[in-house]
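Trainee: Just need the structure, nothing else, for what follows:
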Amino acid sequence: MYRLKNYGLLIAFSIPTFAPCFFRIMFQAIKSKEKSICVIGMGYVGLPIALEFAKHYKVIGFDINAKRVKMLQNAQDPSKEVEAKEFDNKDIIFTDDIEKIKAASFYIVAVPTPIDEGKNPDLMPLRSASKTVGRVIEKGDYVVYESTVYPGCTEEDCVPEIERESGLTFRKDFMVGYSPERINPGDKVNTLTKIKKIVSGCCEISLKNIADLYGSIIEAGIHEAPTIKVAEAAKIVENTQRDLNISLMNELSLIFNKMGINTYDVIEAAGTKWNFLKFYPGLVGGHCIGVDPYYLTYRATELGIHPRVIAAGRFTNDMMGAHIAKVSIQKLIKNDKSVRQSKILIMGATFKENVADIRNSKIVDIVNELKSFSVNVEVVDAYADADEVYEEYGFHLTDKIGTGYDGVILAVSHEEYKNKTEQWFVDMCSTNSFLLDLKGLYRNEIKNMEYWSL
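Mentor: Numbers count the residues shown, from 1 in each chain. Here you go, the predicted structure:
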């Protein structure tokens, strides 16, 4: 005999016949706002999901960071992705109080899944979130994970944490699903509701129920994966494929630079064929492409498989920061500059253009490598938070661009760094200076400075 969560009903049931009936009751309670949806993790993934659901349902946005919660309560997104007006007319509360999330019956976990110093999966945030769910979950509740993981992680690593904390049994007392996030920071076109959503469940019943709830907010439609592992694998393959394509372009860049060929010119020419895929060389950082392949290689190694192609792509992309620093040092020496007395400006510190996110930014690799040669390095960024950069990477951002630079590395193509004239760069530099334009923004426009791009 189970008492349904706070519904005041005592019903004898067996799970196969009970589950669809109960979820209809719970879903109606969510629709009528008697019960809540709780999103755990108010970062670049969790916040948009929470706000979208809050257009229709009662939502609790939970985060362990009290400072972040305070900002959200004042309609401020710490990630600077969501505008203040998006908080208007939403039925949502933000909290770091675990007691307040007991009012929910449908939990969505959207916490970071980083890697450690050894490039192995760091599941601490995910395990912690699972324990939090375990402390509040009741019979009949649903838990859906959105964090990127290796295939098997949800059922083998997360679910046991919930069971240990709650004393409940998976599939008998609570249901679990996986729906990988597809948020693209800085993208104002391909937003949450306009991207088809992959969903999965631990059984046919849970799959249908999870698909129904997500389907109520996703305009682009739902793809129902046959198993949780398939959904986990699909997400990690999306980013691994992109990582490998970029690594190929980076390797080609190394080759073509030795030949005196501009890689962007090559891509433009090759791109005239209908089936050529336009990927570009560059630094591969951030929370997805530069991290997710390591989750797959970790799992593969556990299974006795050495993923040579994936590992090679990761190696190539991870060494690009040091390669760019090496090119800078070579140019300083060629231009008869004293390396120890030289000054280089790096424009950009975030992991990609037009975002404030500095997680796993590969700019730090350039900074550290240049500093190892005692080069004086200044870094500016139009979006990054200076305190966060110092706390995370140990160097200060420069308030404004100065003068007398022996070289400029245009590393991130923020809008603020586009459409400058060559004279703008010349004015900030000393004689015999260089411009390393990693994104090729000023290709064919720089005539009087030494110019280089990937």
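Trainee: Next, the distance between the ends of stretch 50-66.
Mentor: Taking Cα to Cα, to the nearest Å, stretch 50-66 runs 17 Å from one end to the other.
Trainee: what's in contact with that stretch?
Mentor: Outside stretch 50-66, the residues within contact range by Cβ atoms under 8 Å, 6 or more residues apart in numbering are 30-31, 33, 35-43, 46-47, 69, 72, 82, 86-87, 89-96, 98, 100-101, 103-104, 128, 132, 192-193, 216-217. C-beta: built from backbone N, CA, C; applies to glycine.
Trainee: same thing but 7 Å
Mentor: 30-31, 33, 36-42, 47, 69, 72, 82, 86-87, 90-96, 100-101, 103-104, 192-193, 216-217 (Cβ atoms under 7 Å, 6 or more residues apart in numbering).
Trainee: Tabulate the CA atom coordinates of stretch 309-329 in PDB.
Mentor: Extracted in PDB, the C-alpha atoms of stretch 309-329 (Å, rounded to 0.1, in the frame of the first residue of the first chain):
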ATOM      1  CA  VAL A 309      41.000   8.500 -33.100                       C
ATOM      2  CA  ILE A 310      39.200  10.400 -30.300                       C
ATOM      3  CA  ALA A 311      42.300  10.600 -28.200                       C
ATOM      4  CA  ALA A 312      44.400  11.900 -31.100                       C
ATOM      5  CA  GLY A 313      41.800  14.600 -31.800                       C
ATOM      6  CA  ARG A 314      41.900  15.600 -28.100                       C
ATOM      7  CA  PHE A 315      45.700  15.700 -28.100                       C
ATOM      8  CA  THR A 316      45.700  18.000 -31.200                       C
ATOM      9  CA  ASN A 317      43.100  20.400 -29.800                       C
ATOM     10  CA  ASP A 318      44.700  20.500 -26.300                       C
ATOM     11  CA  MET A 319      48.100  21.500 -27.700                       C
ATOM     12  CA  MET A 320      46.900  24.500 -29.700                       C
ATOM     13  CA  GLY A 321      47.300  27.000 -26.900                       C
ATOM     14  CA  ALA A 322      50.900  26.100 -26.500                       C
ATOM     15  CA  HIS A 323      51.400  26.200 -30.200                       C
ATOM     16  CA  ILE A 324      50.100  29.700 -30.500                       C
ATOM     17  CA  ALA A 325      52.400  30.800 -27.700                       C
ATOM     18  CA  LYS A 326      55.300  29.200 -29.500                       C
ATOM     19  CA  VAL A 327      54.500  31.100 -32.700                       C
ATOM     20  CA  SER A 328      54.400  34.300 -30.700                       C
ATOM     21  CA  ILE A 329      57.800  33.700 -29.200                       C
END
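Trainee: Name only those of the contacts of stretch 50-66 that count as buried.
Mentor: Buried subset of these (neighbour count, 16 or more other Cβ atoms under 10 Å): 30, 36-42, 47, 69, 72, 82, 86-87, 90, 92-96, 100-101, 103-104, 192, 216-217.
Trainee: Just to be sure, which of the residues you listed are found in strands?
Mentor: 36, 37, 38, 39, 40, 92, 93, 94, 95, 104 (DSSP state E).
Trainee: Could you double-check that the second one lies in contact with residue 103?
Mentor: Read it as residue 37. No - if you go by Cβ atoms under 7 Å, residue 37 and residue 103 don't touch, sitting 10.2 Å apart.
Trainee: Check which helix or strand the residue nearest the centre of the chain maps to.
Mentor: For the chain, the residue sitting closest to the mean C-alpha position, by Cα atoms, centre = their mean, is residue 287 at 3.6 Å. Using DSSP states H and E, residue 287 maps to neither a helix nor a strand.
Trainee: Spatially nearest residue to it, not counting backbone neighbours?
Mentor: Using Cβ to Cβ, 6 or more residues apart in numbering and skipping the chain neighbours, the partner closest in space to residue 287 is residue 359 (4.9 Å).
Trainee: Repeat that for residue 114.
Mentor: Once flanking residues are discounted, residue 114 sits nearest to residue 122: 4.8 Å by Cβ to Cβ, 6+ apart.
Trainee: Next, residue 435: secondary structure please.
Mentor: Assigned by DSSP: H, G, I helix; E, B strand; the rest coil, the conformation of residue 435 is strand.
Trainee: what do you get for residue 408?
Mentor: Under three-state DSSP, residue 408 falls in the strand class.
Trainee: Correct me if wrong: it contacts residue 348.
Mentor: No - applying Cβ under 7 Å, one finds residue 408 not in contact with residue 348, separated by 11.0 Å.
Trainee: So between these two, which is more surrounded?
Mentor: Counted by other Cβ atoms under 10 Å, residue 408 and residue 348 do not tie: residue 348 has more neighbours, with 26 against 22.
Trainee: Next up, the contacts around the residue nearest to the more buried one when sequence neighbours are not counted.
Mentor: Spatial nearest neighbour of residue 348, chain neighbours left out: residue 412 (2.5 Å); criterion: Cβ to Cβ, 6+ apart. Counting by Cβ under 7 Å, 6+ apart, residue 412 touches 347, 348, 350, 352, 353.
Trainee: got a markdown table for the residues you listed, with distance to residue 112 and pLDDT too?
Mentor: Shown next, in a markdown table, are the contacts of residue 412 (distance: Cβ to Cβ, whole Å; pLDDT from 0 to 100):
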| residue | distance to residue 112 | pLDDT |
| --- | --- | --- |
| 347 | 27 | 98 |
| 348 | 22 | 97 |
| 350 | 16 | 95 |
| 352 | 16 | 92 |
| 353 | 21 | 94 |
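Trainee: related to what we said a few turns ago, wait, what's in contact with the residue nearest to residue 287?
Mentor: Residue 359 sits in contact with 286, 287, 351, where contact means Cβ under 7 Å, 6+ apart.
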